[in-house]
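K.L.:
Generate coordinates for the sequence data below:
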Amino acid sequence: MTALREALEPLDRGAARRRRERYGIVVTGNENGAHHVISELAGALIDIGFTVPGQAWTYWNQGPGPGDDYLDTEEGHDWSRSTGEAAASNLIDVARALQAHPISPPPSG
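P.N.:
Below you'll find the model as predicted:
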């Protein structure tokens, strides 16, 4: 999780100016651990003020446990593509909603 922390710390420092940016999550790898990584990353982004819509993520779904690399098989590609398309659609919809009705920054205390 050190790499994740290093990626998030600069976002935390600049969260106020990044309030207009939208982010999604793509986890490289199989289902083994993907849900954990997604929940940790989404939770961290929410904690520092980002809006993360539901289903704003995708990963390669070949079932639990180790398996072939993505490029070595066609298994799971349709699922990954369809969840990626759903994530993109949800991100666009939330971005449009936030553009029309921005969320005010939290009060400084």
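
K.L.:
Which secondary structure elements does the top helix by length along the chain sit against?
P.N.:
Ranked by residue count, the top helix of the chain under DSSP state H comes out as helix 77-100. Judged by 3 or more Cβ pairs under 8 Å, 6 or more residues apart in numbering; DSSP states H and E, the packing partners of helix 77-100 are strand 57-59. Backbone N, C-alpha and C define where each C-beta goes, glycine included.

K.L.:
Which residues outside the strand it packs on are in contact with it?
P.N.:
24-31, 34, 38, 42, 80, 83-84, 86-87 (Cβ atoms under 8 Å, 6 or more residues apart in numbering).

K.L.:
Which SSE is immediately downstream of the worst-scoring helix or strand of the chain on mean pLDDT?
P.N.:
Across the helices and strands of the chain, mean pLDDT, DSSP states H and E gives its lowest value to helix 2-13, namely a mean of 64. Per DSSP states H and E, helix 2-13 leads on to strand 25-27 as the next helix or strand towards the C-terminus.

K.L.:
which other residues reach that next one?
P.N.:
34, 37-38, 41-42, 52, 56-59, 84, 87.

K.L.:
These, buried ones only, as a ChimeraX selection?
P.N.:
Buried residues within these, by 16 or more other Cβ atoms under 10 Å, are selected in ChimeraX with:
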select :34,37,38,41,42,52,56,57,58,59,87
